[in-house]
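Chemist: Build me a structure from this.
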Amino acid sequence: MEKSRAEEKWVKLDYSEIHPDEKFEISNYGQIKSFRTSRKGGKIIKGSFLTGYNILVIKLKSEKKRTYFVHKIVADYFLDTPSKDETYVIHQDYNRSNNYFENLAWRDNDGMYAHRKADPDYHQKKIKNSKLTEEDVRNLKIKLRDGTKDGKKPIYVHIAREFGITLTQLKRIEKGENWTHITID
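Modeler: I've put the predicted structure just below:
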């Protein structure tokens, strides 16, 4: 359902680390207005996208640049203050481009992962830039668990070469730091 733009509210972005020349406003719909130029009323900008999320790159007082997620800015300004454990902002409809404030909610780490797993498209989403598929990881974990045919511990270098990954990546998978959502029976 499209919301009436009469309900749209704008707030000046007021983070202490932002350079004084950087002037932006954010709306409860997730729109961004830039006042970098001398335009009166500002100009609505789209920002950029990073892994499907709308982002805004802003210059800091230190002259460095920082990337802000638009949905997190909207949550900071338009949602109730979260508890100290709630540091993640989720899109309730799983649509990363819908930054309307009523679609956003603060969650803790467990709540964020539970929400992600409840996404109907969760298992269909391909992890981009990955050398491994989920099936590769299952096979790799089985090799690590079962060892070689003679019962000896597997040689990590051979497994890493077989799957085209580094030893570091292999160790992270074995320790459960990466690909934790893949389990073997």
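Chemist: all helices of the protein, in order?
Modeler: 70-78, 109-118, 134-146, 156-163, 167-175 (DSSP state H).
Chemist: Tabulate these in TSV, adding columns for mean pLDDT, mean neighbour count and distance to residue 86.
Modeler: (C-beta placed from N, C-alpha, C; glycine too.) TSV is the format used below for the helices of the chain (pLDDT from 0 to 100; neighbours: other Cβ atoms under 10 Å; distance: least, Cβ to Cβ, whole Å):
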stretch	mean pLDDT	mean neighbour count	distance to residue 86
helix 70-78	96	21	10
helix 109-118	90	13	8
helix 134-146	87	15	30
helix 156-163	86	14	37
helix 167-175	91	15	27
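Chemist: Compile these into JSON lines and extend it with columns for distance to residue 14.
Modeler: As requested, the helices of the chain are exported to JSON lines (distance: least, Cβ to Cβ, whole Å):
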{"stretch": "helix 70-78", "distance to residue 14": "9"}
{"stretch": "helix 109-118", "distance to residue 14": "26"}
{"stretch": "helix 134-146", "distance to residue 14": "43"}
{"stretch": "helix 156-163", "distance to residue 14": "48"}
{"stretch": "helix 167-175", "distance to residue 14": "39"}
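Chemist: and of those helices, who's closest to residue 87?
Modeler: helix 109-118 (7.7 Å; Cβ to Cβ).
Chemist: Now do that closest one: which elements does it pack against?
Modeler: When contacts are defined as 3 or more Cβ pairs under 8 Å, 6 or more residues apart in numbering; DSSP states H and E, helix 109-118 sits against strand 88-91.
Chemist: mind checking the longest strand of the protein?
Modeler: strand 53-59 (DSSP state E).
Chemist: Output that one as PDB, restricted to C-alpha atoms.
Modeler: Taking C-alpha atoms only, strand 53-59 is exported to PDB below (Å, rounded to 0.1, in the frame of the first residue of the first chain):
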ATOM      1  CA  TYR A  53      20.900  -1.700   0.800                       C
ATOM      2  CA  ASN A  54      20.600   2.000   0.100                       C
ATOM      3  CA  ILE A  55      23.600   3.800   1.500                       C
ATOM      4  CA  LEU A  56      24.800   7.400   1.900                       C
ATOM      5  CA  VAL A  57      28.500   8.300   1.900                       C
ATOM      6  CA  ILE A  58      29.200  11.400   4.000                       C
ATOM      7  CA  LYS A  59      32.400  13.300   4.600                       C
END
